[in-house]
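Student: okay, predicted coordinates and the sequence, questions at the end:
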There are 2 protein chains.
Amino acid sequence: MQGPTQTPSQPDTAYTPSDRTVPTRSPDRASYDRDLVHAILDEAYVCHLGFVRDGAPVVLPTLYARVGERLYVHGSTGSRPLRAAGQADPGLPVCLTVTHVDGLVLARSAFHHSINYRSVVVHGVAHDVTDPEEKRQALDALVDHVVPGRSADSRPANKKELAATAVIRLDLDEVSAKLRTGGVNDEPEDLALPHWAGVVPVRRTYGTPDADPGLAPGTELPGYLAAL
Amino acid sequence: MQGPTQTPSQPDTAYTPSDRTVPTRSPDRASYDRDLVHAILDEAYVCHLGFVRDGAPVVLPTLYARVGERLYVHGSTGSRPLRAAGQADPGLPVCLTVTHVDGLVLARSAFHHSINYRSVVVHGVAHDVTDPEEKRQALDALVDHVVPGRSADSRPANKKELAATAVIRLDLDEVSAKLRTGGVNDEPEDLALPHWAGVVPVRRTYGTPDADPGLAPGTELPGYLAAL
């Protein structure tokens, strides 16, 4: 779903920094590497989508998918941001942020406590997807982004469902990643303090799939779920 | 840290809905229950903070803590939102959102795929915390929010560190929770389809703490970490 057919021209290996994507703090934690950005985006499926309504910020969690250099978000045609993207001309300014928490960093000093994380922030303008084929591909990608291989193993959306679903597109253009990795950065004069210091890894894990009680007879757990 | 001394008056058991906190879609998933909101907030430590800069939305991941009916976010005095909150009069309009992903909901139809989640969205105006005692309590709460009991087992911030750290406060006033729980909601005519359907639980787990190589001799792993 993320093959070269989606991006006709070969993109650069890095995004171009902009005023908005160069952080004022800890610039050493910022990256514009395209592969890194893609990897962070592909590992998550929930983003936080920010937009402005009546002059005030709104941040909502929502599913997303990446197809090449485009992100897609879907929702009901009645939902506020999707309606706004469809009505706004030339689109809805948004900020889409994805964050993984990888570890708790416990320093000897309260001040140097931190989190190991990887995040991507995308600035841009979201547009309503009106082309039926692009919309269908985006909806498949949204399902496959959560569980790879799943869209082929489910009943595709019918006309009524497609009509009830809005999809917006956000191009990956003004993009940055930010990361903290590694261990504790305590002050030299604190190293002898008797406080435990180190990193506690944090992971996302999956439990045992809980089958719907009404499964058709003989329906087995698919391999793509066992692989989770 | 979240005792009644922080909130002089006994609050109502629910937040009052507002235009911004009543969703246009799936209103049955919304809740204003104070205990539920607190529980969702207390289980996470990373929020997504949205604000408006030059007319465009910005969403950044950041640590937060709850003390009674107040949320605190900290950062460098040089960071953009914290600087903005300090400069803005009467404060910086923000939207602070916290989301837990609890499960992947795989329906027989692509359309009914979903996520079980619990989220809280807080609208309000963030203010710079200038009172030294409130600031110190907020910083302790930020450490204890991630690892309960940790602030008492670390070297407190000194004057220089306190001066380098900005803390902003956001009152819990215009607040809502939104949740999806339970199983698959397929259409009756899809129930006999041969696709597996059910819920895959998603959890946050902790790995084995990785101690800093330079720990003072005899420093043991503290009990509050073993409990994670």
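Tutor: Yep, that arrived.

Student: contacting residues around A:Leu172?
Tutor: A:Tyr15, A:Val37, A:Arg66, A:Glu69, A:Arg70, A:Leu71, A:Val122 (C-beta atoms under 8 Å, 6 or more residues apart in numbering or on different chains). Where you see a C-beta, it was placed from the backbone N, CA and C, and this is true even at glycine.

Student: tabulate the residues you listed (JSON lines), appending secondary structure and distance to chain B.
Tutor: As requested, the contacts of A:Leu172 are exported to JSON lines (DSSP: H, G, I helix; E, B strand; the rest coil; distance: C-beta to the nearest C-beta, whole Å):
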{"residue": "A:Tyr15", "secondary structure": "coil", "distance to chain B": "17"}
{"residue": "A:Val37", "secondary structure": "helix", "distance to chain B": "15"}
{"residue": "A:Arg66", "secondary structure": "strand", "distance to chain B": "17"}
{"residue": "A:Glu69", "secondary structure": "coil", "distance to chain B": "20"}
{"residue": "A:Arg70", "secondary structure": "strand", "distance to chain B": "19"}
{"residue": "A:Leu71", "secondary structure": "strand", "distance to chain B": "14"}
{"residue": "A:Val122", "secondary structure": "strand", "distance to chain B": "9"}
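
Student: among those, the buried ones, what's the PyMOL command?
Tutor: This is the PyMOL syntax for the buried subset of the contacts of A:Leu172, where burial follows 16 or more other C-beta atoms under 10 Å in any protein chain shown:
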select buried, chain A and resi 15+37+66+69+70+71+122
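
Student: and which of the contacts of A:Leu172 is nearest A:Asp153?
Tutor: Closest approach between those and A:Asp153, by C-beta to C-beta: A:Arg66, at 20.7 Å.

Student: in chain A, which spans are strands?
Tutor: For chain A, the strands defined by DSSP state E occupy A:30-31, A:46-53, A:56-67, A:70-76, A:92-106, A:114-128, A:165-171, A:174-180, A:198-206, A:210-211.

Student: how about CSV for those, with mean pLDDT added?
Tutor: Formatted as CSV, the strands of chain A follow (pLDDT from 0 to 100):
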stretch, mean pLDDT
strand A:30-31, 94
strand A:46-53, 96
strand A:56-67, 96
strand A:70-76, 92
strand A:92-106, 97
strand A:114-128, 96
strand A:165-171, 95
strand A:174-180, 97
strand A:198-206, 97
strand A:210-211, 97
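
Student: could you export the contacts of A:Leu172 as JSON lines, including distance to A:Ser79?
Tutor: Listed next are these as JSON lines, based on distance: C-beta to C-beta, whole Å:
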{"residue": "A:Tyr15", "distance to A:Ser79": "29"}
{"residue": "A:Val37", "distance to A:Ser79": "26"}
{"residue": "A:Arg66", "distance to A:Ser79": "21"}
{"residue": "A:Glu69", "distance to A:Ser79": "25"}
{"residue": "A:Arg70", "distance to A:Ser79": "20"}
{"residue": "A:Leu71", "distance to A:Ser79": "17"}
{"residue": "A:Val122", "distance to A:Ser79": "19"}
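
Student: out of the strands of chain A, which is closest to B:Asp128?
Tutor: Closest among the strands of chain A, using C-beta to C-beta: strand A:56-67, at 17.6 Å.

Student: quick check: angle from that closest one to strand B:174-180?
Tutor: Going by axes from the mean of the first three to the mean of the last three C-alpha atoms, to 10 degrees, strand A:56-67 is angled at 30 degrees with respect to strand B:174-180.

Student: longest helix in chain A, please.
Tutor: helix A:132-146 (DSSP state H).

Student: ok, now which ones touch A:Ile115?
Tutor: The contact partners of A:Ile115, by C-beta under 8 Å, 6+ apart, come to A:Val101, A:Asp102, A:Gly103, A:Leu104, A:Val105, A:Arg180, B:Tyr45, B:Val46, B:Leu63, B:Val146.

Student: quick one: the last one and A:Val146, what's the gap?
Tutor: Here B:Val146 is placed at a distance of 28 Å from A:Val146 (C-beta to C-beta, to the nearest Å).

Student: can you check the second one too?
Tutor: In this structure, A:Asp102 and A:Val146 are 20 Å apart, going by C-beta to C-beta.

Student: okay, these two: which has more neighbours?
Tutor: For A:Asp102 and A:Val146, the more surrounded residue by other C-beta atoms under 10 Å in any protein chain shown is A:Val146, and the numbers stand at 22 against 17.

Student: nothing else from me, thank you.
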